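Chemist: Give me coordinates for this.
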Amino acid sequence: MADEFQVVVRSKRRQKFSKQRKHLQETLQVCQTTTGDDEEKNDTLINILQDCSKEIESTNFYETFRDILLVKLHNGLKCEQHPPSFFCTVPNDSPIPPSAAISTADPSKTLSSNSNEETDLKIPQIENANKTFSIRFESSQASSSFLLSSGEAVSSRIDRVDGFVENANHCKELDGLELVIYGIGNYAECLIARYQLALMLALRNTLKLPQARLLVFDPRLSNIEKSVINELGLSLISHNEEGKRLGSVEHWTLFFMPHCGKALCNNLLWANWSPHQLANIIIIGNSFSSIVERSPEQLLKKYYYYIWKIHSITDETSLPNSFKHADVFNDTSIHCFRSVDLSRLPKDFWLEHTEPVYDSSDLEIIVNK
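Modeler: Below you'll find the model as predicted:
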């Protein structure tokens, strides 16, 4: 009877199993090699990370992530070619190009994400070369409005934001921008951590960041992982800051904290607890909204006060969970703090500034002993 039955593996499932087997083999190749020296292991891990980075850069997920982030950077007025005087509302009597959606709202605009569909951001054609217009980008993925000079908005054959990026190379070279990566994990062993680090390598290529402004720390990194980080052109933070790092007072500081615990993010907010400081940082990590929704308010107020306090005025954009591995970037958002919102808060909002202390049983953060 057994000869009468056949096991049929569908092509998609076979492909999925093949990819899983490949990733397992890569991990074993790095972590369980009993022969060869550390240099050989380093080379193997570097090659794997570079392949992962190239793979991510080719995805719709990365295009969406990059486009949203570049819009956020523009909205924060940190671009040297867009001085604050450039950002002004359009006069009512200004001629409005018919193809442009005009916004007369506050110049510090928000961006929101509402679906998991692919991005289809379009740039309107602008013909008047002597005017400044408030352009609104819209798509199923995100919508945002900010002011562009007509020269920058002109695009004869561009129908995506990455076309805008190509024509505005200064967006890729934001002077002074610093990228800080916390809690990346043991990427030699963990597929999730490997792709998370690969995302930052792809972003490094986009923003053309030098090694001095690419900082990494995780207390669990192995010696091989530390060595690879240096060889990839990133710098290791020398000690455990517990997330209590002050962002730049003049330029953007991006904090990438993938799937990190609430305590680490709470510490970061505490360290930057002022309108001027918060306006200079962007946090890419677990959704503040999800944290507040899933945690008892009493617990938040006691241990994670700064997340609880700031979440309602945070400009949060959820990243679509469209990457092929659903557990790599799930529940991840880009968080900004708009100057226009922060300036409206009463002075007593900032008075409570006690350094956080956590229960000794809190396993979400590794503290200095």
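Chemist: can you map out the helices along the stretch 101-250 of the chain?
Modeler: Listed in chain order, the helices of the stretch 101-250 of the chain (DSSP state H, counting those that start in this stretch) span 150-153, 161-167, 191-207, 223-231.
Chemist: List the buried residues in the last one.
Modeler: By that I understand helix 223-231. 224-225, 227-229 (16 or more other CB atoms under 10 Å). The way it works is simple: take the backbone N, C-alpha and C, and place the C-beta from them, glycine included.
Chemist: again with the third one
Modeler: Neighbour-count burial for helix 191-207 flags 191-204, 206-207 (criterion: 16+ other CB under 10 Å).
Chemist: which stretches of this protein have low pLDDT?
Modeler: 1-36, 75-173, 362-363, 369 (pLDDT under 70).
Chemist: circling back: specify which member of the buried residues of helix 191-207 is nearest to D218.
Modeler: Set against D218, the nearest of those by CB to CB is A193 (8.7 Å).
Chemist: out of everything not next to it in sequence, what's closest to the closest one?
Modeler: Nearest-residue entry for A193: G185, 3.6 Å, with adjacent residues in sequence omitted and distances by CB to CB, 6 or more residues apart in numbering.
Chemist: Number of residues surrounding the one you found?
Modeler: Residues near G185, counting by other CB atoms under 10 Å, number 19.
Chemist: One more: I237?
Modeler: By other CB under 10 Å, 14 other residues sit near I237.
Chemist: now it: how far from H335?
Modeler: Taking CB to CB, to the nearest Å as the measure, I237 and H335 are separated by 21 Å.
Chemist: What of V367?
Modeler: V367 is 23 Å from H335, by CB to CB.
Chemist: try K54
Modeler: 28 Å.
Chemist: same thing with L177?
Modeler: 16 Å.
Chemist: same question, S290
Modeler: S290 is 12 Å from H335, by CB to CB.
Chemist: neighbour count winner among those two?
Modeler: Higher neighbour count among S290 and H335: H335, with 24 against 15, using other CB under 10 Å.
Chemist: a strand runs through the more buried one, doesn't it?
Modeler: Yes. With DSSP: H, G, I helix; E, B strand; the rest coil as the criterion, H335 is part of a strand.
Chemist: for the closest residue to it other than its chain neighbours, helix, strand, or coil?
Modeler: Excluding the flanking residues, the one nearest H335 by CB to CB, 6+ apart is I283, at 4.3 Å. Classification of I283 using three-state DSSP returns strand.
Chemist: Help me confirm that I283 comes into contact with L268.
Modeler: Yes. Between I283 and L268 there is a contact under CB atoms under 8 Å: 6.9 Å.
Chemist: what's the overlap in contacts for these two?
Modeler: 255, 257 (CB atoms under 8 Å, 6 or more residues apart in numbering).
Chemist: all strands of the stretch 201-350 of the chain, in order?
Modeler: Here the stretch 201-350 of the chain has its strands, by DSSP state E, counting those that start in this stretch, at 214-217, 235-236, 253-257, 281-286, 315-318, 332-336.
Chemist: Let me have those strands in TSV, adding distance to K309 as columns.
Modeler: Formatted as TSV, those follow (distance: least, CB to CB, whole Å):
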stretch	distance to K309
strand 214-217	25
strand 235-236	32
strand 253-257	18
strand 281-286	15
strand 315-318	15
strand 332-336	14
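Chemist: Out of those strands, which gets nearest to L73?
Modeler: strand 281-286 (7.9 Å).
Chemist: Identify the residues contacting R220.
Modeler: Neighbours of R220 in contact, by CB under 8 Å, 6+ apart: 185-186, 366.
Chemist: what helix or strand does the nearest residue to P219 once chain neighbours are set aside sit in?
Modeler: With sequence-adjacent residues excluded and distances taken as CB to CB, 6+ apart, P219 is closest to I366, at 4.7 Å. Taking DSSP states H and E as the definition, I366 sits outside all helices and strands.
Chemist: How about the contacts made by I366?
Modeler: With contact taken as CB under 8 Å, 6+ apart, I366 is in contact with 219-220, 240.
Chemist: Quick check: it vs Y195, distance?
Modeler: 22 Å.
Chemist: Likewise for A263?
Modeler: Taking CB to CB, one finds A263 at 24 Å from Y195.
Chemist: What of W350?
Modeler: For W350 relative to Y195 (CB to CB), the value is 37 Å.
Chemist: do H74 as well
Modeler: 27 Å.
Chemist: now, among the contacts of R220, which is nearest to L246?
Modeler: Nearest to L246 among those, with distances taken as CB to CB, is I366, at 20.3 Å.
Chemist: For the closest one, grab phi and psi.
Modeler: phi -100, psi 120 (degrees, to the nearest 10).
Chemist: N186 versus that one, what's the distance?
Modeler: Taking CB to CB, one finds I366 at 13 Å from N186.
Chemist: what do you get for I224?
Modeler: Distance of I224 to N186, given as CB to CB: 10 Å.
Chemist: Same check on P320?
Modeler: 27 Å.
Chemist: Over to H74?
Modeler: As for H74, its distance to N186 is 35 Å (criterion: CB to CB).
Chemist: which other residues reach stretch 185-204?
Modeler: Applying CB under 8 Å, 6+ apart, the external contacts of stretch 185-204 come out as 23, 27, 30-31, 45, 48-50, 52-53, 55-57, 62, 65-66, 69, 179, 181, 184, 214, 218, 220-222, 224-225, 228, 232-234, 256, 258-259, 323, 325, 327-329.
Chemist: again, only this time at 7 Å
Modeler: By CB atoms under 7 Å, 6 or more residues apart in numbering, the surrounding residues in contact with stretch 185-204 are 23, 27, 30-31, 45, 49, 52-53, 56-57, 62, 179, 181, 184, 214, 218, 220, 222, 224-225, 232, 256, 258, 325, 327-328.
Chemist: same check, this time on stretch 242-259
Modeler: For stretch 242-259, using CB under 7 Å, 6+ apart, the contacting residues are 73, 76, 78, 174-184, 196, 200, 264-265, 267-268, 270-272, 276-277, 280-286, 332, 365, 367-368.
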